[in-house]
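*Asks:* Fold the stuff below for me.
(3 chains)
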Amino acid sequence: MLNPQLNRDGSLQHLLSIEGLPRTLVTHILDTAAGFAGLVDPRREVKKLPLLRGRSVFNLFFENSTRTRTTFEIAAARLSADVINLNVSVSSTSKGESLLDTIDNLSAMHADIFVVRHSQSGAPYLIAKHLDKVRSSAEHPHIHVINAGDGRHAHPTQGLLDAYTIRHFKKDFTKLRVAIVGDVLHSRVARSDIHALTTLGVPEVRVIGPRTLLPSGIEQMGVSVFTDMAKGLDGVDVIMMLRLQNERMNGALLPSAHEYFKSYGLTAEKLALAAPDAIVMHPGPMNRGVEIESSVADGAQSVILPQVTFGIAVRMAVMSILAAA
Amino acid sequence: MLNPQLNRDGSLQHLLSIEGLPRTLVTHILDTAAGFAGLVDPRREVKKLPLLRGRSVFNLFFENSTRTRTTFEIAAARLSADVINLNVSVSSTSKGESLLDTIDNLSAMHADIFVVRHSQSGAPYLIAKHLDKVRSSAEHPHIHVINAGDGRHAHPTQGLLDAYTIRHFKKDFTKLRVAIVGDVLHSRVARSDIHALTTLGVPEVRVIGPRTLLPSGIEQMGVSVFTDMAKGLDGVDVIMMLRLQNERMNGALLPSAHEYFKSYGLTAEKLALAAPDAIVMHPGPMNRGVEIESSVADGAQSVILPQVTFGIAVRMAVMSILAAA
Amino acid sequence: MLNPQLNRDGSLQHLLSIEGLPRTLVTHILDTAAGFAGLVDPRREVKKLPLLRGRSVFNLFFENSTRTRTTFEIAAARLSADVINLNVSVSSTSKGESLLDTIDNLSAMHADIFVVRHSQSGAPYLIAKHLDKVRSSAEHPHIHVINAGDGRHAHPTQGLLDAYTIRHFKKDFTKLRVAIVGDVLHSRVARSDIHALTTLGVPEVRVIGPRTLLPSGIEQMGVSVFTDMAKGLDGVDVIMMLRLQNERMNGALLPSAHEYFKSYGLTAEKLALAAPDAIVMHPGPMNRGVEIESSVADGAQSVILPQVTFGIAVRMAVMSILAAA
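*Replies:* Sure thing, here's the model as predicted:
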């Protein structure tokens, strides 16, 4: 089966998941992002490129996320695109229009890129598949979909910006030990990170968490599983903390936020078990005192804010590569 | 009485209704739109013109409509205008400020175009009249109002884009039979379509619907009235379906959505009664299975998505003509 | 203590309050605004300058105000900045993220200017102080904060646009008598106006209102206090009316809106007590018939709408001065 994200010539038609992307393509995205990273330096005079001038980027957020929407909005603006924000939950779908009718309509307005966030896994695939069907009718040849997070499934631009951050600080993927800590079960970020890291050749990816928050069979993704934080962190070069959703904290899956912090919260003490130059990452927003101690979040080994900065460059890279396809 | 939409020299000062516009002016709008239609072709490199550069378009939506707002936002962006979206129901009016004080304030910020959507018929007129009074005081000489739908009264850009679509597919208005089907009583779209078609010289405009959803005296608008769908569709060249508002479906005016579909829903079978090359239109959003069968909505005779595409060009035309006035 | 708004060389790093700004700096802002005022003339062809091209202005509105947000949005657009609107109350903070984590994140996206509105006095200071701490770490050297209204504390751009308006109509500050009328106790506008006027050398600033709505000790700000409207208005050159918040009207502080109007509402009769060429100002939105009579609000001495117009130029001036710092 053809990867639905790729054109026949192997170029990127949509970004739906990191799963199945060849390493060369992932590396190409990171290299392109590196070219944009300098551009977002606030000391630079010119922070804008005309690569998407006259193109329309539609932020279709069926699930609200101001933070993620803002990063795409800024990335698109820095490429000179016109950005249309659509909070779709309060829009046509409330008038009983189907998702695909909404998509057809926005396509007919000659959108160039749809950035899609949806609470249901697979929604961006459904949209991309529908667009490609329409596309074969030669009406709308160039509409690209970027998955900005779908259910528990994938959040590929987060996976890419995390990979970018690791490469920036660690240079070489092929000798790293990386730990992903927390609620892996419900995390699209974890899934995208695992795909990115294994694709890029990281030899050892560990997931750490309570048994109830680790999906069964996750070993098949090429990771090793730890329920003991101390053992899992031993000697790792990168620690990627996951956000603990509020709704998990007092539910059936966990005794309490306090207990969770005791076992899996990243403290200075636990951080000392990792390599001395290990970096600490978090996709945000953080629950300080739940999954991470403030002194670690703000400490010398934290690269949490650089992640955000690099995220703009990575999203610019994805958009510019899609627009050139 | 002077038409409040027109300047003394006959040029367009506001677009409030198609009623009363001379045919030459309507044709001029359609011709101007034709010049922009190529621009929205996604294969074209340059999709942006500087005609409204530095101008401010305010989307004043007192009634929510993401779809319509988006089309104006894109049209304005493609003319390089700055667009300000104001969802006015949650704004100053909730602080007890009057509509006209809000308008005066936004005018004082030197808006160039107000795109007004309001649930009350006549609200855009009220605003335009107020602006023209201020204008005569030589303070704010060039603020234009575009009616983006007011109550049951008018939706002139929809009427214009429908006329554009018909001209695109049928070339000549003067030999057409056009049927408008459904809830004419509550439809501003129907009213604007009738004015557009009769102004442009369509010799036969029919309205079709249950007696309870046809306004009494509608014959005076120059249309013929049918309550029988088969008779009404017989031999027509264009079928314009209207959206059935959810709130009508189970009310006193209609037995049920299912009964409505049986009598007035457009099926392949009923479509066969029209001319063989008849086109099918719908302003959206559609209620599939209520006023239109899916196979017809997506079928070869449907021009529903081209309507959306042409809508961008038509709105660009209206804005550029107003801005040049 | 160093004024936290100023850099060591005396240039403006943030605009948090007019209090403590040197007169030369306030005058420089007004002079810069005068250069932009011509630009917003609707008869001018070019209304846009590239001074903030490629810069990102974030409207961080923790308290909703469409009117104020719009003026900043237009001012930024006329300087060619990219504007990101964040209604933060519905955003990350609802996910339990702290204010300063939100700020850190937006900073990491390389914002250039934060326009901050917050219901709590001092919030913009807190943000500016936090940014300056980060700044000293040399990571984000150039993020500026503009206070767009914080609690009862300050609304400096309103104070500046009021000063601009007075200078426009009265030329010389040093011979004026100015009356500020109404709910001074709860008004950040009143506080900023008083600071602006005394800084600019107005020899006589009066506050007029019922004892319950005047803060005790206000005389220490250099104003004289009147509870009698007739005495307070006697011979003044400028009357600045304040908005009476709805929640005050029927509370413990006031008998009723009707009683308030009788004593402190500005009528034509009371206006006649001021100098014959006195101007009438109001920050909007007005409660007609409560703090001001309609005939006065719309009368020949009213400069309420010019205030709005000048507000755009003043905000452009503040942004361009900050961006050049």
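
*Asks:* For A:Val223, give its distance to C:Gly54.
*Replies:* 41 Å (C-beta to C-beta, to the nearest Å). No exception for glycine: its C-beta is placed from N, CA and C like everyone else's.

*Asks:* These two: which has the busier surroundings?
*Replies:* Set A:Val223 next to C:Gly54 and count neighbours by other C-beta atoms under 10 Å in any protein chain shown: A:Val223 wins out with 22 against 19.

*Asks:* Which of the three states applies to the nearest residue to that one once chain neighbours are set aside?
*Replies:* Once flanking residues are discounted, A:Val223 sits nearest to A:Val205: 4.5 Å by C-beta to C-beta, 6 or more residues apart in numbering or on different chains. Look at A:Val205: counting by DSSP: H, G, I helix; E, B strand; the rest coil, its state is strand.

*Asks:* contacting residues for A:Val205?
*Replies:* A:Val178, A:Ala179, A:Ile180, A:Ile194, A:Leu197, A:Thr198, A:Gly222, A:Val223, A:Ser224 (C-beta atoms under 8 Å, 6 or more residues apart in numbering or on different chains).

*Asks:* what does A:Ser295 give?
*Replies:* A:Ala268.

*Asks:* mind listing the helices for the stretch 51-200 of chain A?
*Replies:* Counting by DSSP state H, counting those that start in this stretch, one finds helices in the stretch 51-200 of chain A at the ranges A:66-78, A:99-108, A:123-136, A:156-170, A:188-199.

*Asks:* Which one, of those, ends up nearest to chain C?
*Replies:* Nearest of the helices of the stretch 51-200 of chain A to chain C, taken as C-beta to the nearest C-beta: helix A:66-78 at 3.7 Å.

*Asks:* pLDDT of the closest one, averaged?
*Replies:* Here helix A:66-78 scores 95 as its mean pLDDT.

*Asks:* Okay, buried residues for stretch A:27-44 please.
*Replies:* By neighbour count on 16 or more other C-beta atoms under 10 Å in any protein chain shown, the buried set for stretch A:27-44 is A:Thr27, A:His28, A:Ile29, A:Leu30, A:Thr32, A:Ala33, A:Ala34, A:Phe36, A:Ala37, A:Leu39, A:Val40, A:Pro42.

*Asks:* before we move on, the earlier item: in terms of mean pLDDT, which of the helices of the stretch 51-200 of chain A ranks lowest?
*Replies:* helix A:123-136 (a mean of 86).

*Asks:* Return the set of buried residues in that one.
*Replies:* Buried, per 16+ other C-beta under 10 Å, within helix A:123-136: A:Ala123, A:Pro124, A:Tyr125, A:Leu126, A:Ile127, A:Ala128, A:Lys129, A:His130, A:Leu131, A:Val134, A:Arg135.

*Asks:* Between helix A:99-108 and it, find me the angle.
*Replies:* 50 degrees (axes from the mean of the first three to the mean of the last three C-alpha atoms, to 10 degrees).

*Asks:* how much space between the closest residue to A:Leu39 other than its chain neighbours and chain B?
*Replies:* Leaving aside its chain neighbours, A:Leu39 sits nearest to A:Lys47 (5.7 Å; criterion: C-beta to C-beta, 6+ apart). According to C-beta to the nearest C-beta, to the nearest Å, A:Lys47 and chain B sit 19 Å apart.

*Asks:* what residues are up against A:Lys47?
*Replies:* A:Leu39, A:Val40, A:Arg78, C:Gly54, C:Arg55, C:His110.

*Asks:* One more: A:Ala128?
*Replies:* Per C-beta under 8 Å, 6+ apart, neighbours of A:Ala128: A:Pro4, A:Gln5, A:Gln13, A:His14, A:Leu16, A:Val145.

*Asks:* ok, and does stretch A:69-86 reach over to chain C?
*Replies:* Yes. Applying C-beta under 8 Å from any C-beta of the partner chain, one finds stretch A:69-86 touching chain C at A:Thr70, A:Thr71, A:Glu73, A:Ile74, A:Ala77, A:Arg78.

*Asks:* In contact with the residue found closest to the third one once you drop the neighbours it is linked to in the chain, which residues are there?
*Replies:* In this case it means A:Glu73. Leaving out its chain neighbours, the residue that sits closest to A:Glu73 by C-beta to C-beta, 6+ apart is A:Val83, at 5.2 Å. By C-beta under 8 Å, 6+ apart, the contact set of A:Val83 is A:Ser56, A:Val57, A:Phe58, A:Asn59, A:Phe72, A:Glu73, A:Ala76, A:Ala77.

*Asks:* Pick out the most distant pair among the residues you listed.
*Replies:* Using C-beta to C-beta, the pair of the contacts of A:Val83 lying farthest apart is A:Phe58 and A:Ala77, separated by 13.8 Å.

*Asks:* Now the least confident helix or strand in chain A by mean pLDDT - C-alpha only, CSV.
*Replies:* Of all helical and strand segments in chain A, the minimum by mean pLDDT, DSSP states H and E falls on helix A:246-249, at a mean of 72. Extracted C-alpha coordinates of helix A:246-249, given in CSV (Å, rounded to 0.1, in the frame of the first residue of the first chain):
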residue,chain,number,x,y,z
ASN,A,246,-5.9,16.5,34.9
GLU,A,247,-8.6,14.0,34.3
ARG,A,248,-6.2,11.1,35.0
MET,A,249,-5.0,12.4,38.3
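
*Asks:* So is the next helix or strand after that helix next to chain C?
*Replies:* Next in sequence after helix A:246-249, counting helices and strands by DSSP states H and E, comes helix A:257-264. No. Helix A:257-264 lies out of reach of chain C by C-beta under 8 Å from any C-beta, never closer than 10.7 Å.

*Asks:* Which strands and helices lie in contact with the next helix or strand after helix A:257-264?
*Replies:* Downstream of helix A:257-264, the next assigned helix or strand under DSSP H and E is helix A:268-271. Using 3 or more C-beta pairs under 8 Å, 6 or more residues apart in numbering or on different chains; DSSP states H and E, the elements in contact with helix A:268-271 are helix A:229-233, helix A:294-297.
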